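**Student:** Predicted model and sequence follow; I will ask about them next.
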Amino acid sequence: MDNQNTQEPKSYDISIVRPQMSSADFKMRGQGMEPARLEGIKKGLLTLHTLELMATTIYRFQITGENCDFNRQLIAAMCNEMTHYQDFQIKLYEYGFKPSIIRLAYWCVGFSFGFFSRVFGRKAILKMGIWVETKAVHHYAELLKTIDWDEDTRKVIEKDQADEDGHINKWKKLLKEQ
Ligand SMILES: [Fe+2]
Ligand SMILES: [Fe+2]
């Protein structure tokens with residue numbers, strides 16, 4: 001399925017919410033890389049890891065206790081963001097880096113966005129989702145363009161960007177139905 005909201009559409013199967021990983025997918029990375037390249041990768045991974053925590057937290061606090069398809073879709077999106085968060089945490093450690101403690105501030109931002117959009121109802125939840133995901137897709141594009149990623153990490157970023165694009169399309173469709 002092509003992602004429609006990015007400048008360079010690539011094919012990734014976004015129906016897979018949580019891709020399978022085997023032991024061979026984990027690698028120690030960065031050996032022999034130039035310090036400037038490593039610095040770029042570190043900054044990029046820290047940014048992505050932090051933003052995915054925010055995304056996970058937004059969806060988490062948008063979910064209500066109601067037994068409905070709307071909540072089912074929010075739960076799937078939350079799971080997808082948790083997968084992205086895992087993706088970048090794994091890559092940070094594979095490179096010998098550590099997550100940023102500052103990301104906790106982004107948890108608070110995610111909580112505010114999620115909780116307050118929930119208070120205002122479904123349309124607010126969907127508009128919030130579209131706004132945040134659109135920012136994410138552009139942010140991903142910028143990081144893909146400006147950082148010299150290793151091939152495995154680049155593919156992970158592209159798949160995650162395609163997922164965000166899928167979220168935008170899903171929320172836009174749902175918003176029309178409201
Ligand atoms: Fe994400
Ligand atoms: Fe997303």
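**Tutor:** Structure received. Numbering: from 1, shown residues only. Ligands and ions are numbered 1, 2, ... in the order given.

**Student:** What ranges does the chain have for its helices?
**Tutor:** All helices of the chain, identified by DSSP state H, fall at 35-62, 69-94, 103-119, 122-146, 151-177.

**Student:** packing partners for the last one?
**Tutor:** Contacting helix 151-177 under the criterion 3 or more Cβ pairs under 8 Å, 6 or more residues apart in numbering; DSSP states H and E are the following elements: helix 35-62, helix 69-94, helix 122-146. Just so you know, the C-beta spots here come from the backbone N, C-alpha and C atoms, and that holds for glycine as well.

**Student:** I'd like these laid out as JSON lines, including distance to residue 108, mean pLDDT and mean neighbour count.
**Tutor:** Converted to JSON lines, the helices and strands packed on helix 151-177 look like this (distance: least, Cβ to Cβ, whole Å; pLDDT from 0 to 100; neighbours: other Cβ atoms under 10 Å):
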{"stretch": "helix 35-62", "distance to residue 108": "8", "mean pLDDT": "98", "mean neighbour count": "20"}
{"stretch": "helix 69-94", "distance to residue 108": "16", "mean pLDDT": "98", "mean neighbour count": "19"}
{"stretch": "helix 122-146", "distance to residue 108": "15", "mean pLDDT": "97", "mean neighbour count": "18"}
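
**Student:** residues in contact with residue 38?
**Tutor:** 30, 95 (Cβ atoms under 8 Å, 6 or more residues apart in numbering).

**Student:** if I look at it, how far off is residue 157?
**Tutor:** Using Cβ to Cβ, to the nearest Å, residue 38 is found at 16 Å from residue 157.

**Student:** Let me know how buried the nearest residue to residue 80 once chain neighbours are set aside is, in neighbour terms.
**Tutor:** Nearest non-adjacent residue to residue 80, counting by Cβ to Cβ, 6 or more residues apart in numbering: residue 17, 5.0 Å away. By other Cβ atoms under 10 Å, 13 other residues sit near residue 17.

**Student:** Verify the contact between residue 17 and residue 76 for me.
**Tutor:** Yes: Residue 17 lies in contact with residue 76 (Cβ atoms under 8 Å); the separation is 5.8 Å.

**Student:** What parts of this protein come near ligand 1?
**Tutor:** 52, 55, 81, 84 (Cβ under 5 Å from the ion).

**Student:** any idea how far the third one is from residue 159?
**Tutor:** By that I understand residue 81. Distance, residue 81 to residue 159, using Cβ to Cβ: 13 Å.

**Student:** likewise the first one?
**Tutor:** Distance, residue 52 to residue 159, by Cβ to Cβ: 13 Å.

**Student:** One more: the last one?
**Tutor:** Spatial separation of residue 84 from residue 159 under the definition Cβ to Cβ is 9 Å.
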